[in-house]
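**Q** here are the coordinates; sequence isn't available:
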């Protein structure tokens, strides 16, 4: 296993996927060096040769642990769960593990990719979609996806986290998505329970320290 003291996270302050990883690192008490990659400035620093040599996918987050490097936020979170098993983010009990993963993938695979800078830039540049319609596109997919997850959780006990008393992968993924709910002024009446839960979690130390407003590259 590589040394924990050498963790480096390539991140962008407003990146939802990077936000997830920051939360997980904080929950596990893992120190890391923050390396900012601006996804918009000068056409996107993620496309600079010095970064694409490191990460050909040209995306953040990107984690470096000594001689080991890894992209894709959910893979990084799984690696962190092995690197520092306590607190565990993915439960071991099979049915609960499956539900946590299904919840996380619904956001990370279905909802959030449609808000990425790449697809949104394509809508503007190639299809001529203006800002109000582009924002409407984002709201549609956020509201549709979170409303479905709200329905799935209907009838489940009220707990401090999405699944029980301890934070899991589901919470690491939900809170950054709710940041975008606020950013795009989504209709929270379609998912009131999940919205309220995420807003409570935002105030906890590990989540608060990971918030986009508190990163080294956050604009003044």
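**A** Perfect, I can see it now. None of these values were measured; they are calculated from a predicted model.

**Q** Counting by contacts, list what the worst-scoring helix or strand of the chain on mean pLDDT packs against.
**A** Ranked by mean pLDDT, DSSP states H and E, the helix or strand of the chain with the weakest confidence is helix 117-125, at a mean of 78. Applying 3 or more C-beta pairs under 8 Å, 6 or more residues apart in numbering; DSSP states H and E, we find helix 117-125 packed against helix 131-153. Bear in mind the C-beta positions are built from the backbone N, C-alpha and C, glycine included.

**Q** so after the helix it packs on, what's the next helix or strand?
**A** helix 169-183 (DSSP states H and E).

**Q** Next, the residue of the chain most remote from its centre: phi, psi?
**A** For the chain, the residue at maximal distance from the C-alpha centroid (C-alpha atoms, centre = their mean) is residue 128, at 28.1 Å. When read as degrees, to the nearest 10, the backbone of residue 128 gives phi 70, psi 30.

**Q** pLDDT score for it?
**A** In this model, residue 128 is scored at 78, pLDDT.

**Q** do you know how far it is from residue 140?
**A** 18 Å (C-beta to C-beta, to the nearest Å).

**Q** now residue 91
**A** 32 Å.

**Q** quick one, phi/psi of residue 166?
**A** phi -120, psi 150.

**Q** returning to what we had before: which of residue 91 and residue 140 has more residues huddled nearby?
**A** Legend: neighbour count by other C-beta atoms under 10 Å for residue 91 and residue 140, higher for residue 91 (19 against 13).

**Q** Against residue 78, how distant is the nearest residue to the more buried one once chain neighbours are set aside?
**A** Counting by C-beta to C-beta, 6 or more residues apart in numbering, residue 97 is the residue found nearest to residue 91 once chain neighbours are left out, at 4.9 Å. From residue 97 across to residue 78, the span is 12 Å (C-beta to C-beta).
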